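>>> could you look at this predicted model? Sequence included:
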Amino acid sequence: QVQLVESGGGLVQAGGSLRLSCAASGRTFSTYAMGWFRQAPGKEREFVAAINWSGTTTYYADSVKGRFAISRDNAKNTVFLQMNSLKPEDTALYYCAAQRRMYFSEYSESDYWGQGTQVTVSS
């Protein structure tokens, strides 16, 4: 079992930055590919970013490319999402997800999910 706990959300003005963290329990964190998703009110959950098990491969949704950066620290069992140049349309509940595989697939079911952290961007 892996438990995921997100933190770092909050209220920020447009153009600002936030850094989300997702802390994982267990000793097998490095064997999981990790991803971030978000869900805005009234909208479906959407993929944001992902990183492979070793941190050498990352990929992003077009809507956040160039503004967000995903990274991981396997020694600390944590994955991060650095969000810069935030826009009001980035407002959502952000979730991290873990997949028991080397490379994350946004089209596959994730094995574990966190409870989410709220990000609100004011205009």
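Arrived safely.
>>> quick check: closest non-adjacent residue to residue 31.
residue 53 (6.1 Å; C-beta to C-beta, 6 or more residues apart in numbering). C-betas here are computed from N, CA, C, even on glycine.
>>> what segments of this structure are strands?
With DSSP state E, the ranges of strands along the chain come out as 4-7, 10-13, 18-24, 33-39, 46-51, 58-60, 68-73, 78-83, 92-99, 112-113, 117-122.
>>> out of the ones you listed, nearest to residue 106?
For the strands of the chain, the distance to residue 106 is smallest for strand 46-51, at 3.9 Å, taking C-beta to C-beta.
>>> contact partners for the residue nearest the centre of the chain?
The residue lying closest to the centre of the chain (C-alpha atoms, centre = their mean) is residue 36, at 2.6 Å. Contact analysis of residue 36 by C-beta atoms under 8 Å, 6 or more residues apart in numbering lists 20, 22, 48, 49, 50, 70, 79, 81, 94, 95, 96, 97.
>>> just the pLDDT at it, thanks.
Predicted confidence (pLDDT) for residue 36: 98.
>>> swap in residue 6?
98.
>>> and residue 41, how many neighbours?
Per other C-beta atoms under 10 Å, the neighbour tally for residue 41 reads 7.
>>> same question but for residue 31, I mixed them up
Neighbours around residue 31, by other C-beta under 10 Å: 14.
>>> correct me, but it touches residue 100?
Yes: in this structure, residue 31 is within contact of residue 100 by C-beta atoms under 8 Å, at 6.8 Å.
>>> out of the strands of the chain, nearest to residue 105?
Residue 105 lies closest to strand 92-99 among those, at 6.9 Å (C-beta to C-beta).
>>> okay, the angle between that closest one and strand 33-39?
Strand 92-99 and strand 33-39 meet at an angle of 150 degrees, taking axes from the mean of the first three to the mean of the last three C-alpha atoms, to 10 degrees as the criterion.
>>> show me the contact partners of strand 92-99.
Residues outside strand 92-99 that contact it (C-beta under 8 Å, 6+ apart): 2, 4, 6, 9, 20, 22, 24, 32-40, 43, 45, 48, 79, 81, 105, 108, 110-119.
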